Each structure stands twice: as structure tokens, then as C-alpha cells.
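Student: What would the 3D arrangement of this be:
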Amino acid sequence: MFEYEQDVVDELRNTDRKFEKLYQEHKKLKKKVRDAKLGVFSLDDFTVEKMKKKKLLAKDRMAVKIAQYKREKATA
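Tutor: Model prediction:
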């Protein structure tokens, strides 16, 4: 996730608690969705779809924070 901007992600993870929380939430949900798809544990389709949406929302929120960070750095 955001491999092309890993330096920004690392900076935000170290300086922004909310970003780190979003990052960890996305990571946790990504693993749960992958495990459900692999059959590691059984979840109904509704629950898996709900987790996917939460994961995407966390990623979208991180993207907003990355864009804000980049704008701030550009104007500094």
C-alpha cells in the first residue's frame, strides 16, 4: 500500500498518531480479509464485504493525509 510514497508513509507513521492508527487498522483488516478468502476462518460474505469497505475507508483516509502532507511540504 502506497509503495510509491513509502518515505511519506514512514514520516506520517512516526509523527501522526491518527495516521498510524489508520495504518494499523488497514493492515489488520487486510490480513483478516485475506485469511477469510483462504478459508483460515469462516465468515459470511456480508461480514467480509463489510471488512473490505472498512479497509478501503482507512486507505482513503490515509490518502487524504498523504495529500495534505505533500501540499504542506510543497508550500513550506
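
Student: Might you report the residue contacts of A58?
Tutor: Each residue near A58 by C-beta atoms under 8 Å, 6 or more residues apart in numbering is listed here: L22, Y23, E25, H26, L29. For glycine as for every other residue, the C-beta is placed from the backbone atoms N, C-alpha and C.

Student: Inside helices: which ones of those residues?
Tutor: Mapping these onto helices (DSSP state H) picks out L22, Y23, E25, H26, L29.

Student: Could you single out the nearest of those to L12?
Tutor: Using C-beta to C-beta, Y23 comes nearest to L12 of the ones in helices among the contacts of A58, at 8.1 Å.

Student: So for the longest helix that the chain contains, mean pLDDT?
Tutor: When the chain is parsed with DSSP H, its longest helix is helix 45-75. Helix 45-75 comes out with an average pLDDT of 95.

Student: mind listing what's buried in it?
Tutor: M51, K54, K55, A58, K59, R61, M62, K65, I66, Y69 (16 or more other C-beta atoms under 10 Å).

Student: mind putting these in a markdown table, distance to N14 included?
Tutor: Below are the buried residues of helix 45-75 laid out as a markdown table (distance: C-beta to C-beta, whole Å):
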| residue | distance to N14 |
| --- | --- |
| M51 | 27 |
| K54 | 24 |
| K55 | 22 |
| A58 | 18 |
| K59 | 19 |
| R61 | 18 |
| M62 | 14 |
| K65 | 13 |
| I66 | 14 |
| Y69 | 12 |
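
Student: Which of the ones in helices among the contacts of A58 sits closest to D45?
Tutor: Of the ones in helices among the contacts of A58, the one sitting nearest to D45 (C-beta to C-beta) turns out to be L29, at 15.8 Å.

Student: Contact partners for that closest one?
Tutor: Counted by C-beta under 8 Å, 6+ apart, L29 has contacts M51, K52, K54, K55, A58.

Student: Now render the residues you listed as a markdown table, adding distance to T15.
Tutor: Output for the contacts of L29, formatted as a markdown table (distance: C-beta to C-beta, whole Å):
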| residue | distance to T15 |
| --- | --- |
| M51 | 28 |
| K52 | 29 |
| K54 | 24 |
| K55 | 23 |
| A58 | 18 |
